[in-house]
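Peer 1: this one's structure only:
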């Protein structure tokens, strides 16, 4: 028996503050623009769907923002999450590299998404809101918000992208178990949904469409707000508890990453792990840190998109935000990593990519599932298809080390487990999956 | 923020020894009998299907048995598992009781079963065995053995009880992902299976039948052994790492249980948690400790069965063992807690029940799912239907405390998560489930 494979923290070590990367960005962020006037959107423009506390976080430049006791208390249901040395994977790959992963799938709903759902539900509850409406891709976000709403005794309505709704039927049940109402989007319940269905009755849906539907429902009632599971600054902010914990754990392991990797759809789990490390790069403490966002080749917003103002949703209801985007009308292919089927990328991540602080890679579906299988067999954890994009890049990095003889330290985020994605694995094992 | 909700241990605190309750039993165990001669079966009678190291453990009276380094190293993939204070559940129930649970669902394959699968695969590998054949109910055991075999580069063949195979299709995929071959039992591949199908082509199967099929395949080849996921003494032994860890964690919490609860099918998770505490009762350290095994009302081996010699399998291939049994021909109703559909009970547990060291309760399916929902909504973890039997009793105990005003300390084993059981939850939520 050599060193620890799993590094646990005590609950006292749950972070007390979120980290806001905008405090350390060398360039400011272009402001969101009002969809009609195209002028910079102010707090009041967002007040119809978000509580003021979240709007303030969205625009904040404070470096560290205190986590409310009520939210930290909820984090204690499952945080700190373990940091795991993938020693068996290293052995299988026969690499001199050291591979660590932060395991957010150890969270109750199976992914990192509760880090922000607890916070969002808390601030909305405090603002007197009775119901939250949201979109979800693969269902991780919807599950997390359903659970948070249940805790705060609020209603929850979820528009789940239709292709994922059909691919992952257990996700719907999960949300229902926590009392949420779930629709397969596009629906006939909203104008946005009806417009899409009129054009294509067989539309597989997209996160952009589901967002439009959710916002449309949310704006109709004063006691109802919209809640977003990724992209926005305040969501990235809440996710930084991942990286703050990982910093402590890497220190306990007597190590520091050379490469930090996360999969990226809207970008929240990637930002959550990487931003607290990126702080060291931006402030000159660790200038040569590599930070890599990994996306599906079929929805390559960073690697193929344009850095420009675009809508966050299909029906053009959100403010225009400056981001890498494939265009808000882009409907991604029906890949099983439903959480990554988003046309844009979080503005903070887009900015970091634009200034060269991070890089990006894209992989296709089959090579990602191949990597997932290698990982599962080595480490015993079945990863979510989304997170498997990060695994693929971690394996690539480890194999490069094998060639070069370098003993790099690689850290990736295992943002969710794949227990509810086994239908997709079944197709993969039966050779029914394509790129 | 008050006390810790989750108590983690360091990996150095993974137990070094298994605890053998037979060392402290006030009465000896009646020996297994050879199925043909009805004479006590010796080690050589078991050698056709088990390696000698496991046979020795099966018959041992040593109090503590050292865990091989190779097995402890594998435990480090996911152990120690957390001990969690169910503070939110306490609040929902408005009880003065303190409720703790040991969360074995935090293990890779989602249940406690890897505690013994690693050990069994290790000893078989060391004995030169190339393939293991087994039965599985809900699939937790099959998954755990598939993973262990993958690690030791052995083949794995699983006979999965047909009703569970159909109820929980993701389990089959899980086992396939780890390279196992999976059949829905009864099959046409064995004489035992063909006999059952001849009598009832629509047989839902049972653990007793699946065991017969697995043994029939295992005895055919010298390089192939049979592996059992519960019932036998060596399996109970391996599971005691649960209770040994829990003892340390309760100590860290500054607490000691008044009541220890586990669900019981064959009995392994129940024994795993409770035996290390029962040691204190048997040795007089904690004479008033209550230990409760919880079983389905539809398969009530302890509460309704007879304490007598019976076969462990349907086709009468195993030795006769002295246990509480409903008869080896008993086919339990198609409840969703497939892991509890066994006609008998582990001999060690049967003995403890017979001498009054433990008690037993039985609950029906709907009240168990009701309890599961209450727990899930409070703690955020969806429990396996099997484990939910323990939850039901923990809630009953907590409500009794509410009435009496007693602040008892309740500890139960959450042996597995329910992510792969959401099909059953869907039926429950749609009112399609009966007792």
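Peer 2: Looks like it arrived, so ask away. Values in this document were obtained by computation on a predicted structure and should not be read as measured data.
Peer 1: and residue A:62, that one's in a strand?
Peer 2: No: counting by DSSP: H, G, I helix; E, B strand; the rest coil, residue A:62 is not part of a strand but coil.
Peer 1: how close does it sit to chain B?
Peer 2: Residue A:62 is 23 Å from chain B, where distance means CB to the nearest CB, to the nearest Å. No exception for glycine: its C-beta is placed from N, CA and C like everyone else's.
Peer 1: What distance do you get for the closest residue to that residue other than its chain neighbours to chain B?
Peer 2: Nearest non-adjacent residue to residue A:62, counting by CB to CB, 6 or more residues apart in numbering or on different chains: residue A:20, 5.9 Å away. Plainly put, residue A:20 is 23 Å away from chain B if you go by CB to the nearest CB.
Peer 1: Helix or strand next in line after the helix or strand hosting residue A:369, which one?
Peer 2: Per DSSP states H and E: residue A:369 is located in helix A:365-379. Downstream of helix A:365-379, the next assigned helix or strand under DSSP H and E is helix A:385-404.
Peer 1: helices and strands around the least confident helix or strand in chain A by mean pLDDT, which ones?
Peer 2: Scoring the helices and strands of chain A by mean pLDDT, DSSP states H and E places helix A:43-46 at the bottom, with a mean of 90. Under the contact definition 3 or more CB pairs under 8 Å, 6 or more residues apart in numbering or on different chains; DSSP states H and E, helix A:43-46 sits against helix A:52-59.
Peer 1: what's around the residue of the stretch 51-200 of chain A found nearest chain B, how many residues?
Peer 2: Among all residues of the stretch 51-200 of chain A, residue A:108 sits closest to chain B, at 3.1 Å; criterion: CB to the nearest CB. Residues near residue A:108, counting by other CB atoms under 10 Å in any protein chain shown, number 18.
Peer 1: a helix runs through it, doesn't it?
Peer 2: No: counting by three-state DSSP, residue A:108 is not found in a helix; it is coil.
Peer 1: what about the residue lying closest to it once chain neighbours are set aside, distance to residue B:108?
Peer 2: Distances taken as CB to CB, 6+ apart place residue B:380 nearest to residue A:108, at 3.1 Å, with adjacent residues excluded. Plainly put, residue B:380 is 20 Å away from residue B:108 if you go by CB to CB, to the nearest Å.
Peer 1: does stretch A:74-84 come close to chain B?
Peer 2: Yes: counting by CB under 8 Å from any CB of the partner chain, chain B is contacted by stretch A:74-84 at A:76, A:77, A:78.
Peer 1: before we move on, back to that, go through the least confident helix or strand of chain A and flag the buried ones.
Peer 2: Buried residues in helix A:43-46, defined by neighbour count with 16 or more other CB atoms under 10 Å in any protein chain shown: A:45, A:46.
Peer 1: thinking again about what came up before, show me which parts of the helix holding residue A:369 are buried, residue by residue.
Peer 2: Buried, per 16+ other CB under 10 Å, within helix A:365-379: A:365, A:367-379.
Peer 1: Run through who's touching stretch A:32-51.
Peer 2: A:31, A:52, A:55-56, A:58-59, A:123-124, A:126-127, A:129, A:215, A:218-219, A:225-226, A:309, A:311, A:316-322, A:347 (CB atoms under 8 Å, 6 or more residues apart in numbering or on different chains).
Peer 1: Kindly recompute the last result at 6 Å.
Peer 2: A:31, A:55, A:123-124, A:127, A:218-219, A:225-226, A:316, A:319-321 (CB atoms under 6 Å, 6 or more residues apart in numbering or on different chains).
Peer 1: which of the buried residues of helix A:365-379 are close to chain B?
Peer 2: Applying CB under 6 Å from any CB of the partner chain to those, one finds that A:376, A:377 fall near chain B.
Peer 1: Return the residues in contact with the closest residue to residue A:258 other than its chain neighbours.
Peer 2: Closest residue to residue A:258 apart from its sequence neighbours, by CB to CB, 6+ apart: residue A:408 at 4.4 Å. Residues in contact with residue A:408, defined by CB under 6 Å, 6+ apart, are A:97, A:258, A:401.
Peer 1: Give me the local confidence score for residue A:408.
Peer 2: As predicted, residue A:408 sits at a pLDDT of 98.
Peer 1: Close to chain B: what parts of the stretch 51-200 of chain A are there?
Peer 2: A:73, A:76, A:77, A:108, A:147, A:150, A:170, A:173, A:176, A:177.
Peer 1: And the first one, how far from residue A:118?
Peer 2: Here residue A:73 is placed at a distance of 9 Å from residue A:118 (CB to CB).
Peer 1: of those two, who's got more company?
Peer 2: Higher neighbour count among residue A:73 and residue A:118: residue A:118, with 27 against 18, using other CB under 10 Å.
Peer 1: ok, and the closest non-adjacent residue to the spatially most central residue of chain A?
Peer 2: A centroid search over chain A (CA atoms, centre = their mean) returns residue A:268, at 3.3 Å, as the residue closest to the centre. Counting by CB to CB, 6+ apart, the nearest residue to residue A:268 once its immediate chain neighbours are dropped is residue A:230, at 4.2 Å.
Peer 1: Assign that neighbour to helix, strand or coil.
Peer 2: Local secondary structure at residue A:230 is given as coil here, using three-state DSSP.
Peer 1: That one reaches residue A:270, doesn't it?
Peer 2: No: with contact defined as CB atoms under 6 Å, residue A:230 does not count as touching residue A:270 (9.7 Å).
Peer 1: Compare neighbour counts for these two and give me the winner.
Peer 2: Shown here are residue A:230 and residue A:270; by other CB under 10 Å, residue A:270 has more neighbours (35 against 26).
Peer 1: contacting residues for the residue of the stretch 51-200 of chain A closest to chain B?
Peer 2: If you count contacts by CB under 6 Å, 6+ apart, then residue A:108 has A:78, B:380, B:381 around it.
Peer 1: Looking at these, state which has the most neighbours.
Peer 2: Most neighbours among these, by other CB under 10 Å: residue B:381, with 25 neighbours.
Peer 1: Please settle this for me: is residue A:293 part of a strand?
Peer 2: Yes: checked against three-state DSSP, residue A:293 lies within a strand.
Peer 1: re the thing from before, so among the contacts of stretch A:32-51, which ones count as buried?
Peer 2: The neighbour count (16+ other CB under 10 Å) marks A:31, A:55, A:123, A:124, A:218, A:225, A:226, A:316, A:319, A:320, A:321 as buried among those.
Peer 1: Number of residues surrounding residue A:70?
Peer 2: Residue A:70 has 17 nearby residues by other CB under 10 Å.
Peer 1: how about the nearest residue to it, chain neighbours excluded?
Peer 2: Nearest non-adjacent residue to residue A:70, counting by CB to CB, 6+ apart: residue A:122, 5.5 Å away.
Peer 1: Can you add pLDDT and distance to residue A:389 and give the contacts of residue A:108 back as TSV?
Peer 2: Output for these, formatted as TSV (pLDDT from 0 to 100; distance: CB to CB, whole Å):
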residue	pLDDT	distance to residue A:389
A:78	90	23
B:380	92	26
B:381	94	26
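Peer 1: of those, closest to residue B:297?
Peer 2: Set against residue B:297, the nearest of the contacts of residue A:108 by CB to CB is residue B:381 (24.2 Å).
Peer 1: before we move on, could you check phi and psi at the closest one?
Peer 2: Reported as degrees, to the nearest 10, the phi and psi values for residue B:381 are phi -110, psi 130.
Peer 1: what does residue A:344 give?
Peer 2: The phi/psi pair for residue A:344 (degrees, to the nearest 10) is phi -120, psi -170.
Peer 1: Check residue A:254 too.
Peer 2: Backbone torsions of residue A:254, given as degrees, to the nearest 10, read phi 70, psi 30.
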